[in-house]
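Novice: Next come a sequence and a model predicted from it.
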Amino acid sequence: MKKCKMCKKEPGMARRINNEGLWFCSDDCYEEFDQSPNDHDHPYIDDYESVRFEYLGWMNGWERDLYKGYWSGTPRKADLLESIDEMIGEFWDYYRLEGSDGCFSSEIYRYLLELEDLKGSIAAWKPDEKMAEEWR
C-alpha cells in the first residue's frame, strides 16, 4: 500500500492525490506539501473534487440515512439507490474509460466502483434492532 507523501501514514478513505499521482492521507497533508504542482489547472480537478466529496459523504452517512428512514417510517433504500445511480450517470465518461485517462480519471473511476459496491450494501441492508436504538 502506498503511504502519505507528507506523514508516511497509510491513507484511508479520506485519501487524496495530486496530479502527479502522489498520495496524501488527508486534505491537511495535501495542502502542506510544498512541492506539489498546481492541481487547479488540471482539466479533471473539479470532477475529482466533486466525486471525492460525494463519496466521502455517502460512505460516512448512508447507514444513518437508512436508520433515519426506518425510525420515521419512510423507507429510503430506493431513494438512496436512485441518487447513487444519478451521480454515477453524471460521471459516466470516467466510468466508461475505466480510469484510463490519468491519475484523476483513475481515482474517479475507483470512487464510482466503490459507490457501485455501496449500492449492493444498501440493497441488502436490514435494520438491526440494537443498532437502531443507537441511531435513534
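Specialist: Yep, it's here. Numbering: from 1, shown residues only.
Novice: Return the residues in contact with the residue nearest the centre of the chain.
Specialist: With the centre of the chain defined as its mean C-alpha position, the nearest residue by C-alpha atoms, centre = their mean is Tyr55, 2.1 Å away. Residues in contact with Tyr55 (C-beta atoms under 8 Å, 6 or more residues apart in numbering) are Tyr111, Glu114, Leu115. Quick note: C-beta positions are derived from backbone N, CA and C, even for glycine.
Novice: Would you mind checking the residues you listed for buried ones?
Specialist: Tyr111, Leu115 (16 or more other C-beta atoms under 10 Å).
Novice: Between the contacts of Tyr55, which sits nearest Arg64?
Specialist: Leu115 (16.8 Å; C-beta to C-beta).
Novice: And for Asn38, the neighbour number?
Specialist: Asn38 is flanked by 9 other residues according to other C-beta atoms under 10 Å.
Novice: how near is the residue nearest to the centre of the chain to Cys29?
Specialist: 18 Å (C-beta to C-beta, to the nearest Å).
Novice: Please give me every residue in contact with Leu22.
Specialist: Leu22 neighbours (C-beta under 8 Å, 6+ apart): Lys5, Phe33, Ser36.
Novice: shaky segments in this protein?
Specialist: 130-136 (pLDDT under 70).
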